[in-house]
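In: everything below, folded, please.
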Amino acid sequence: MMAACVLCRRVPRLRCLPGLRKEFIQAQHVHVKRLDETDDLEGKERVLQDQEASSLEGYRLHYNPTSYHHSMWNSAASTDSEEDEQFLSALTPTFWQQSNRYSVSCSRHLSSSKNTLLDLAFNKSPELETPSVLSHHRKPTTPDVKVDTRAFLKCRSAYAAFTLDLTQRPCSIKWEEAVLLLKKVAVLKGSLKTSDVSQIFTELSRLHPDKMSLVRSDQRFIMLLRYSVEHLRLFTEHELLEVLQAIVWLDMPSTHTVLSLYEAELSRRVHQMNLHQLLLAADLWRCIGKQVPQFLRHLYESVLLNLGQIGVPELVQLLYIMGEGRKCPTDLIRPLEQLLMRHLPQLYPEEVGIVCLGLFKSQTSISESAVTCIVDKAYALVEEMSDFAMVNVLKFLRFSYLYHRLWMEAMAQEVPRRAHRMGIQGLMHVALACSALHCHNDNILMAIAERVPSLASQCRSKDSCKLLWAFGTLGFQSVQSSSFYPTLIASLRQRKAEFQRYPEHLLTGLLGLAFVSQFPKDLIELALSPDFVNLALKSTQLELKKDLFTLDRAVALELPQWTGPRLSSELREDVAKMLWKFAQSDVCQKPEVQEAESALRDLLGGETYVHKRMILPHTRTIDLEVHLDSTGQPIPVNPESHAPTISHEDSSTKSPNNQGWGKKNLGVTLTDDLLAQLMNTKKSIEPLTQSYTLKPTSLHRVEQDEGESLFNTGLDLTSGITKALTKASRLGSALQDSEGTVKLAIQVPSRNHYCYQSQQLLGLHVMKRRQLKLAGYRVVELSYQEWFPMLRKSRAEKLAYLHCKVYNSLS
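Out: Presented below is the predicted three-dimensional model:
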């Protein structure tokens, strides 16, 4: 009764503090949360409701799932879109080589007639909250693999001045001592001084963690919170930081309304605090697990004014804070890069790892030379790095999309050596980095594939699906590991419920499987079901239409007997138009494509014989389609072209050079040997096969003469010889349709279609060529190793090259 009277007497006084009364009314509800495992860019929360909450009037439960929520704090995936790779496009570095929300809020008003006291506010914010570092530190994501994400703080004693060491808990006090402190609050009431409040907070924070829940639910502790808010303006900066540190150890929920008031007060005092105090406050907020954009904005402004005070530990901690805040101000990037390059030689292995993680999480794009220097430093220290730091470097390379040869060679040694002790999330990020960098290394992939089955029980749907995507992209075949794909497919089946929250994960995993010709029918039926399609299309943050379209069309081609659900024709047409519109403004404008199209028109007799289009729109790349009849003559294929074309016979009579070359018997027969000489290549120019093991042809740059007609053979290549190049060859055993027509799908790929320094195509493009054959096409590959150098050569040489590629592919 005494405590109740105190509440009734004190609450009206909140009116004299602007905004506080409203905040405390909003805080009058109960919501208890526990943390499940967390990830770098995406938290996974599990909420346990208080046992008494169901009986309270006015209780509201709001469930609002979204896919890969892209806020300023949670972009990802990268990254994970990282990952991951879908959601970094807006902030990609200028030197790129190329190319969960589960929110629960409860609200109830407390009746003063029941003498009910103000309860703690444990409501999950729908936008800015992240898991508490303290809770994460106490509860590793996997029971057998412990990762210390703040190990870098042990590198230097200087960190102690502006960080909190979560491994050094204050000396414990007994419960009886805590009760005495709470009684003191009830006795002193409103006469508590700021020093008393901060001291009581500090002492209570020394209680054993098992007893903290008792303190947080005690009515007198709630009164203490109120008194601390009433005295906010009277606290010294030191006292404010003491209270904030105590809140960390008390493990208060990051969504408690009181914390927003503390953030506002600390933001107001930024200019009164030194750099170390600001960094400490930022670290405490991180330990609490609350995103504080207002405070961080002021912190960054202060850093710009105090760049001279930033040494190695301050710089590393600042980058760590930026990573956890998911943002780096544009005007701070250049000064930070300069500081980083200056202090880089002094960094320890774990500091290099946390620097990479901070740059990755904040999506900070620095210069290529700076990225190279950082990874050079990491390479020098790789054997001393923890698994966590090593994975962070890979994440940074994934974001920067920079292939560091020495580092990746080191990974071929380090990953197999470490894989047996790594957790599933670390292995997933290694695989994701390899796929983003197009690095197919059997040592790395086999080490991960052998480890994953033993970790299946710890795989989230996100981990399983991104592993499938990465391995499918890199063309890892099931024969290389008999248990890898079956284990992950079984894991997806066990976690179907998670796809209702994250539909993009299922599509990611199924596309990775499609790349390697695996189609689990029950999961595909789920993904193409009307309910799931509607769920996926509701995503405002991700464009999942394209993934649905790719899966749908792959099923149609590779499972011809499929009787399960399919996308509507309207949706398919809509996505196909969208993809073609993009291709017209991007791929179709590339010089290698335009030159190939133009040369093929000259070779075959006009634009009606070459059709530039997306034969398989779901594969998201274009083709140059050519049709030949049974005699090898081109057949008109381009419906968009209505311009009259001149036949070979007509054109020959109108060309003086043709007439002259035709009348004169020069004794020149256009043999394969001659063509090889014209192209400066070997005699036999074999077509690319499915294995894609053809070595690049040695092509020399030829300086063009005025007429672009002189070859190294000394032969004047007149238009007569050019005409001979355009004559059709006899068809061999080429694939023909019922009418004897041979359909060619001529590909003009870039190096980004292949694994790094390899002739092995990436998964999507392997699937495309497989499906083109199923659709009745013969694939002709103008590999970039051959065609790109040819762009610098004469027109006649290009025609000779294309003649060989087109007609040799028919034999």
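
In: how about low-confidence regions in the stretch 551-700 of the chain?
Out: 640-700 (pLDDT under 70).

In: and the strands in it?
Out: Remark: strands assigned in the stretch 551-700 of the chain by DSSP state E, counting those that start in this stretch are 611-613, 623-628, 634-635.

In: what's in contact with the second one?
Out: Yep, that's strand 623-628 we're talking about. 593, 596-597, 600, 604, 609-616, 634-637, 728, 731, 734, 741-748, 772, 806, 810 (CB atoms under 8 Å, 6 or more residues apart in numbering). Yep, even glycine has a C-beta here, placed from its N, CA and C like the rest.

In: filter the residues you listed down to the buried ones, PyMOL style.
Out: The following PyMOL line selects those of those that are buried, judged by 16 or more other CB atoms under 10 Å:
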select buried, resi 593+596+597+600+604+609+610+611+612+613+614+615+616+634+636+637+728+731+734+742+743+744+745+746+747+748+772+806+810
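
In: the contacts of strand 623-628 in helices, which ones?
Out: If you go by DSSP state H, the contacts of strand 623-628 have 593, 596-597, 600, 604, 772, 806 in helices.

In: got JSON lines for the residues you listed, with distance to Glu525 too?
Out: Output for those, formatted as JSON lines (distance: CB to CB, whole Å):
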{"residue": "Val593", "distance to Glu525": "38"}
{"residue": "Ala596", "distance to Glu525": "40"}
{"residue": "Glu597", "distance to Glu525": "40"}
{"residue": "Leu600", "distance to Glu525": "42"}
{"residue": "Leu604", "distance to Glu525": "44"}
{"residue": "Leu772", "distance to Glu525": "26"}
{"residue": "Val806", "distance to Glu525": "41"}
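
In: and which of those residues is nearest to Ala412?
Out: Leu772 (33.1 Å; CB to CB).

In: excluding chain neighbours, what is closest to the closest one?
Out: What sits nearest to Leu772 in space, not counting adjacent residues and going by CB to CB, 6 or more residues apart in numbering, is Ala745, at 4.9 Å.

In: what sits against that neighbour?
Out: Counting by CB under 8 Å, 6+ apart, Ala745 has contacts 615, 623-625, 772, 777-780.

In: list the contacts of Gly323.
Out: Contacts of Gly323 (CB under 8 Å, 6+ apart): 354, 357-362.

In: so which pair among these is furthest apart in space?
Out: Maximum distance among those (CB to CB): 12.1 Å, for Ile354 and Ser362.

In: quick check: neighbours shared by those two?
Out: 319, 323.

In: what about His208, how many neighbours?
Out: 12 (other CB atoms under 10 Å).

In: I meant to write Glu337 there.
Out: A count of nearby residues for Glu337, using other CB under 10 Å, gives 20.

In: please identify the buried residues of the helix or strand hosting it?
Out: Secondary structure from DSSP states H and E places Glu337 in helix 330-343. Buried residues in helix 330-343, counted by 16+ other CB under 10 Å: 332-333, 336-337, 339-340, 343.

In: same question for stretch 437-449.
Out: Neighbour counts over stretch 437-449 (16+ other CB under 10 Å) mark 437-441, 444-449 as buried.

In: now do the residue nearest to Ser198 when sequence neighbours are not counted against Ser228, distance only.
Out: Excluding the flanking residues, the one nearest Ser198 by CB to CB, 6+ apart is Glu239, at 4.2 Å. According to CB to CB, to the nearest Å, Glu239 stands 10 Å off from Ser228.

In: the more surrounded of these two?
Out: Taking other CB under 10 Å, Glu239 and Ser228 do not tie; Ser228 has more neighbours (24 against 19).

In: need the contacts of Gly323 in a markdown table (columns: neighbour count).
Out: As requested, the contacts of Gly323 are exported to a markdown table (neighbours: other CB atoms under 10 Å):
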| residue | neighbour count |
| --- | --- |
| Ile354 | 26 |
| Leu357 | 24 |
| Gly358 | 25 |
| Leu359 | 28 |
| Phe360 | 27 |
| Lys361 | 29 |
| Ser362 | 24 |
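
In: show me those residues that map onto helices.
Out: Of the contacts of Gly323, the ones assigned to helices by DSSP H are 354, 357-361.

In: which residues are in contact with Ala419?
Out: Ala419 neighbours (CB under 8 Å, 6+ apart): 427, 447-448, 450-451.
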